[in-house]
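Asks: Need the 3D shape of this:
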Amino acid sequence: MPEIADKTIEITLPDGSTQTHPAGTTGREIAESIGAGLARDALAIKVNGEVRDLGRPITEDAEVEILTWDDEEGKETFWHSSAHLMAEALQELYPEVKFTIGPPIDQGFYYDVDLGDRSLSADELEEIEEKMLELARRDAEYERYEVSKDDAIRYYEEEGNEYKLELIEDLEEGEISFYEQGEFTDLCRGPHIPSTGRIKAPKLLSVAGAYWRGDESNPQLTRIYGISFPKQKLLEDFLERRRLAKERDHRKLGKELDLFTFDTETVGPGLPMWLPKGTVLRETLRDFLREEQVKQGYEPVCTPHIGRLDLYRTSGHYPHYEEDQFPPMVTGQKEDGDEEDGYLLKPMNCPHHVKIYQNDHHSYRDLPVRLAEFGTVYRQEQTGELGGLTRVRGFTQDDAHIFCTPEQVKGEFIDVIDLTLKVLDALDFEEFEAQISLRDPEDTEKYVGREALWDQAEQDIREAVAETDLDAHEEPGEAAFYGPKLDFMVEDALGRAWQLGTIQVDYNLPERFELTYVDENDERRRPVMIHRAPFGSLERFIGVLIEHCGGNFPTWLAPVQVQIIPVGDDFVEYAEEVAATLRQEDVRARIDTSDETVGYKIREAETQKIPYMLVVGGDEEEDGTVSVRSHDAGQQGTVPVDAFVEDLRPQLHPTLD
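Replies: Numbers count the residues shown, from 1 in each chain. All right, here's what the predicted structure looks like:
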């Protein structure tokens with residue numbers, strides 16, 4: 001110990017400045033040296049990329065970042081500690097409870113617990129919250145200590161907790177730590193915030209069932225979801241956003257607006273069926289993107305919904321993507337008897353597009369070849385992970401694959417960035433983050449292809465992004481198995497982030513399928529593939545769009561753009577004349593011929609979020625006019641039909657900068 005005490009270490013802060021401290025200095029002490037305000041707000045510390053407790057000593061030179069509530073990792077640490085606080089409350093209220101795992105999630109935390117035959121009610125959740133607040137006020141420290149594997153096993157054998165014992169089996173000696181706060185002790189890697197007193201506003205949100213380790217053959221547990229904040233005002237803001245999100249839930253609005261439906265029992269979970277209005281919405285989005293693609297030289301293709309297993313063996317989807325695929329339709333053994341023969345519901349369109357490219361011989365003069373398809377694919381998502389349109393088992397990708405020379409990659413990639421930004425701008429998605437998703441250097445078996453090709457693909461993306469001045473951060477471990485990608489994380493009107501558009505550079509599939517083109521020296525060379533989908537999938541994009549705009553689509557996209565309301569049966573014929581005029585201008589117009597009152601018809605059109613209502617009666621028929629009402633702005637006055645059409649015409653097409 002004396003030699004450590006005498007040693008000094010250099011601490012490098014995020015702004016590049018350095019500090020000298022004695023070896024063994026803690027994150028708390030570093031925060032205090034920077035300022036009292038930071039010390040009060042500090043939740044954890046990042047040391048050379050590893051998030052740790054503020055109280056853990058630092059013994060070597062290190063790059064250090066103090067984490068607060070404003071940092072994502074600070075929130076994760078806060079919510080992880082809140083899961084432990086909830087567990088302590090459960091332990092006091094239900095002494096027989098058995099704990100399993102309690103991680104932080106994107107918005108809050110959960111803990112899976114075994115309550116035996118007991119189920120929890122909403123009233124009991126409130127009681128647990130109150131107990132959490134009581135415990136938090138005691139301001140108990142989160143204390144870490146490391147134990148041997150034998151001691152850990154002995155502890156949980158005495159507790160009678162078979163779940164923790166199973167977790168310990170997977171751990172190696174020397175990597176087992178416990179955390180303790182108040183009367184609660186848990187097997188945990190950490191890190192945690194300094195003390196429970198930081199948790200001022202916990203809220204338990206819901207209860208669900210969950211199988212131990214996600215395996216349906218294992219016992220079913222009780223999963224309690226919660227969230228917490230360091231200030232009551234933050235909780236109040238969250239609950240208001242949650243209320244608005246509930247109002248805008250695309251599953252609720254999809255039903256109210258007659259856009260889509262599910263029949264879980266007969267058709268199957270995660271398989272949406274599009275109603276007429278929803279189909280108009282889909283097709284309008286498709287037409288918009290098709291028009292832009294034609295301008296950029298894309299050619300349409302259409303491919304089958306299934307393919308032979310050998311196609312996906314060559315591409316690497318089978319078996320590298322096996323967990324996400326539906327089981328193959330096996331028809332027997334191949335002639336050599338070593339592998340199964342059969343078909344697979346396609347999980348991706350790219351192998352089919354590769355085969356279309358191979359249908360012709362290509363010269364460098366032909367490249368780039370841009371093949372586009374709105375192709376439906378299928379993924380075996382777990383039932384518990386399905387969620388309306390945003391997580392489904394059958395969905396349509398706005399998929400395209402560009403086959404180009406290595407020299408063309410950067411230019412093509414930049415053009416796709418431009419197309420993706422046009423799509424986001426047209427739908428009023430103003431806030432987004434660009435993420436360069438890279439391979440995980442610690443788990444190379446997840447990926448196919450040579451390291452040199454991966455290096456080149458990652459460099460291609462970095463250079464293209466830099467040239468567009470797009471602000472992008474890098475995220476290791478998020479690449480596709482065949483190549484790195486640029487993902488667009490879009491923020492909706494409620495501040496929630498969604499991964500929508502994606503662009504990927506792929507040197508590996510061309511190599512696996514032995515694709516070639518003839519260069520200017522009459523030599524065969526390997527093309528590069530760019531995979532791109534500005535929407536990502538129509539299903540997810542529409543689900544996010546519905547919630548983003550609350551179902552109030554821009555006029556060009558609305559399934560019904562104009563509702564014509566005759567004040568009585570005598571004026572239906574004139575309403576039909578107005579509708580015919582509008583339809584000549586490609587306006588999607590409908591007539592409400594129901595027996596309801598005019599006031600009811602207007603309210604119904606407002607509920608359906610139809611952009612314009614035209615009321616027609618005797619005066620309008622005599623003068624050739626319509627009484628205009630806007631969903632956004634209310635009554636607009638009476639104008640000639642031609643004048644209304646002229647004012648409407650600019651709204652029938654998306655605005656592109």
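Asks: Confirm that Leu253 sits in a helix.
Replies: Yes. Per DSSP: H, G, I helix; E, B strand; the rest coil, Leu253 lies within a helix segment.
Asks: Look up how far Gly551 lies from it.
Replies: 4 Å (CB to CB, to the nearest Å). C-beta here means a position set from N, CA and C on the backbone, and glycine is covered the same way.
Asks: ok, now Ile224?
Replies: 32 Å.
Asks: who has more neighbours, these two?
Replies: Between Ile224 and Gly551, Ile224 has the larger neighbour count (other CB atoms under 10 Å), namely 26 against 21.
Asks: Which of the three states applies to that one?
Replies: strand.
Asks: Contact partners for it?
Replies: Contact analysis of Ile224 by CB atoms under 8 Å, 6 or more residues apart in numbering lists Met86, Leu90, Tyr110, Tyr111, Val113, Leu120, Leu125, Ile128, Leu204, Ser206, Val207.
Asks: Got phi/psi on Ile414?
Replies: Here is the backbone geometry of Ile414 (degrees, to the nearest 10): phi -60, psi -40.
Asks: That should have said Ala533, apologies.
Replies: Taking degrees, to the nearest 10 as the convention, Ala533 sits at phi -150, psi 90.
Asks: What's opposite it in the beta bridge?
Replies: On the basis of DSSP bridges, Ala533 is bridged to Thr502.
Asks: Confirm for me that it is in contact with Phe488.
Replies: No. The criterion here is CB atoms under 8 Å, and Ala533 misses it with Phe488 at 10.2 Å.
Asks: which residues are common contacts for these two?
Replies: Gly501, Thr502.
Asks: before we move on, the earlier item: buried among the contacts of Ile224? Make that a PyMOL selection.
Replies: To isolate the buried ones among the contacts of Ile224 in PyMOL, judged by 16 or more other CB atoms under 10 Å, type:
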select buried, resi 86+90+110+111+113+120+125+128+204+207
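Asks: which among the contacts of Ile224 gets closest to Tyr517?
Replies: Tyr110 (51.7 Å; CB to CB).
Asks: tell me the mean pLDDT over the lengthiest helix in the chain?
Replies: Using DSSP state H, we find that the single longest helix of the chain is helix 72-93. Average pLDDT, helix 72-93: 97.
Asks: Count the neighbours of Ser121 for me.
Replies: Neighbour count for Ser121, taken as other CB under 10 Å: 9.
Asks: Check Pro22 too.
Replies: Around Pro22 there are 15 residues (other CB under 10 Å).
Asks: wouldn't it be in contact with Glu29 here?
Replies: No. Assessed by CB under 8 Å, Pro22 is found out of contact with Glu29, at 9.1 Å.
Asks: Now do the strands in the stretch 1-150 of the chain.
Replies: 8-12, 18-22, 25-26, 44-47, 50-52, 57-58, 62-67, 98-99, 104-105, 108-114, 143-146 (DSSP state E, counting those that start in this stretch).
Asks: Quick one, which of those gets closest to Ile542.
Replies: strand 104-105 (24.9 Å).
Asks: which helices and strands does that closest one pack with?
Replies: helix 72-93 (3 or more CB pairs under 8 Å, 6 or more residues apart in numbering; DSSP states H and E).
Asks: redo that, cut-off 10 Å
Replies: For strand 104-105, the packing partners by 3 or more CB pairs under 10 Å, 6 or more residues apart in numbering; DSSP states H and E come out as helix 72-93, strand 220-229.
Asks: Could you export the ones you listed to JSON lines, including columns for distance to Thr555?
Replies: Formatted as JSON lines, the helices and strands packed on strand 104-105 follow (distance: least, CB to CB, whole Å):
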{"stretch": "helix 72-93", "distance to Thr555": "38"}
{"stretch": "strand 220-229", "distance to Thr555": "38"}
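Asks: So which of the ones you listed is nearest Gln561?
Replies: Using CB to CB, the helices and strands packed on strand 104-105 put strand 220-229 closest to Gln561, at 40.1 Å.
Asks: Show me what counts as buried in the closest one.
Replies: Leu221, Thr222, Arg223, Ile224, Tyr225, Gly226, Ile227, Ser228, Phe229.
Asks: Which one of the helices and strands packed on strand 104-105 lies nearest to Arg370?
Replies: helix 72-93 (36.8 Å).
Asks: Quick check: Thr625 vs Tyr612, distance?
Replies: 14 Å.
Asks: Okay, helices next: where are they in the stretch 151-300 of the chain?
Replies: Using DSSP state H, counting those that start in this stretch, the helices assigned to the stretch 151-300 of the chain run over residues 162-169, 232-248, 250-256, 276-295.
Asks: I'd guessed Cys71 sits against Val51; true?
Replies: For the record, residue 71 is Asp, not Cys. Yes. The criterion here is CB atoms under 10 Å, and Asp71 meets it with Val51 at 9.5 Å.
Asks: what is in contact with the two at once?
Replies: Between them, Asp71 and Val51 share these contacting residues under CB atoms under 10 Å, 6 or more residues apart in numbering: Leu43, Ala44, Glu65, Thr77.
Asks: any chance of those residues in JSON lines, with distance to Leu438 too?
Replies: Formatted as JSON lines, the shared contacts of Asp71 and Val51 follow (distance: CB to CB, whole Å):
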{"residue": "Leu43", "distance to Leu438": "27"}
{"residue": "Ala44", "distance to Leu438": "25"}
{"residue": "Glu65", "distance to Leu438": "21"}
{"residue": "Thr77", "distance to Leu438": "24"}
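Asks: Which two among those are spaced furthest apart?
Replies: Farthest pair in those, by CB to CB: Glu65 and Thr77, 12.6 Å.
Asks: who has more neighbours, these two?
Replies: Higher neighbour count among Glu65 and Thr77: Thr77, with 26 against 20, using other CB under 10 Å.
Asks: distance of the more buried one from Glu323?
Replies: Distance from Thr77 to Glu323, by CB to CB: 30 Å.
Asks: swap in Leu171?
Replies: 24 Å.
Asks: So for these two, which sits in the more crowded spot?
Replies: Neighbour totals were compared for Leu171 and Glu323, and Leu171 leads with 14 against 9 (other CB under 10 Å).
Asks: thinking that one is in contact with Tyr156, fair?
Replies: No. Contact criterion CB under 10 Å: Leu171 and Tyr156 do not qualify, at 11.9 Å.
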